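J.: Sequence and predicted structure below; questions after.
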Amino acid sequence: MPESGEGVSFCRMPKSTELILALDVPDKAAAIAMLDRIGPDLKWVKIGLQLFVKEGPALLDAVAARGQSIFLDLKLHDIPNTVASAIRSLAGKPVGLLTIHAGGGREMVAAAAEAAQEALPGATVLAVTVLTSMNRATLADIGVDSETDEQVLRLARLALDGGAGGLVCSPQELRTLRNELGPDAVLVTPGIRPAGADLNDQQRVMTPADAAEQGSSYIVVGRPILKAEDPAAAVKAIQTELGA
Ligand SMILES: O=c1ccn([C@@H]2O[C@H](COP(=O)(O)O)[C@@H](O)[C@H]2O)c(=O)[nH]1
């Protein structure tokens, strides 16, 4: 819970911020080549839809065998039974973090959390709040007439109430969520761009250093590393920004 002193409210922060590489490459060969180029200093790798759809669950074992922890970013969003069944299909796989969409509702989140407890003990189910590629206008397009941070907070409360172990949000909501949830909440933030980097399709962004300062548990970075001339140097530069 937030602390306050002499009328000023402030929030304690998590001890450190870890980098997760979004391994958005076409296939296993490209994935392994990229991990070889980056080397052993990277602890966390995010496998998303592009790579998982192409290679299937066996890829998880191949990456884990290299000693890296896996964030499986499937953003599951379906009726509760289907989401729970998909998670049960992952039983025994080396997954440390797994995403579902908070927008699937409380029952879906609860079914996912329960299935993960059985099938993936030790994994944290993260609920995606509002995608970092969205803003006030694109939320309005889908009929959500709220400020982005209000919608993030609404979905965050629902997801944690339903049993999610953490949240995916943009770094721009970190201050609000830390104040609300305290230092122990797992807050994972894509939408990270080193100063001067191309935003691509991201809308709600922040630099690695600022996201760390605002209390991100894990930052997720893809294209600024994958497209860099020297991905290992890009990883090192970000880790240095994080104070690692
Ligand atoms: O709200 C979200 C949720 C997930 N992502 C994922 O993170 C990476 C970001 O990649 P960049 O190349 O650094 O933009 C990507 O895999 C997304 O699927 C997100 O961006 N926003």
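T.: Good, I have the coordinates. Residues are numbered from 1 along each chain as shown.

J.: Which residue does this structure have closest to the ligand?
T.: Residue of the chain nearest the ligand, by CB to the nearest ligand atom: residue 222 (2.7 Å). The way it works is simple: take the backbone N, C-alpha and C, and place the C-beta from them, glycine included.

J.: Does that residue touch residue 25 like I think?
T.: No - with contact defined as CB atoms under 8 Å, residue 222 does not reach residue 25; the gap is 9.3 Å.

J.: burial count for the residue nearest to residue 35 when sequence neighbours are not counted?
T.: Distance criterion CB to CB, 6 or more residues apart in numbering; nearest residue to residue 35, sequence neighbours excluded, is residue 66 at 6.3 Å. Neighbour count of residue 66, defined by other CB atoms under 10 Å: 12.

J.: Residue 66 contacts residue 38, doesn't it?
T.: No - Residue 66 lies out of contact with residue 38 (CB under 8 Å); the separation is 10.7 Å.

J.: so where do the strands sit in this protein?
T.: Using DSSP state E, the strands found in the chain span residues 3-5, 8-10, 18-22, 44-47, 69-76, 97-101, 124-128, 166-168, 186-189, 218-221.

J.: hmm, back to that, so how far is residue 234 from the residue of the chain closest to the ligand?
T.: 11 Å (CB to CB, to the nearest Å).

J.: Residue 105 too?
T.: Going from residue 105 to residue 234 by CB to CB gives 38 Å.

J.: Specify which residue of these two has the higher count of neighbours.
T.: Taking neighbours as other CB under 10 Å, residue 105 and residue 234 compare with residue 234 leading, 20 against 17.

J.: so what pLDDT did the residue nearest to that one when sequence neighbours are not counted get?
T.: Of all residues not flanking residue 234 in the chain, residue 228 sits nearest, at 3.8 Å (CB to CB, 6+ apart). Per-residue confidence for residue 228 comes out at a pLDDT of 98.

J.: ok, now residue 4?
T.: Looking at residue 4, its pLDDT reads 40.

J.: ok, residue 96 touching residue 70?
T.: Yes - judged on CB under 8 Å, residue 96 makes contact with residue 70 at a distance of 5.7 Å.

J.: Overlap of the contact sets of those two?
T.: Common neighbours of residue 96 and residue 70 (criterion: CB atoms under 8 Å, 6 or more residues apart in numbering): residue 44.

J.: These two - which one has more neighbours?
T.: Per other CB under 10 Å, whichever of residue 96 and residue 70 has more neighbours is residue 70, with 23 against 18.
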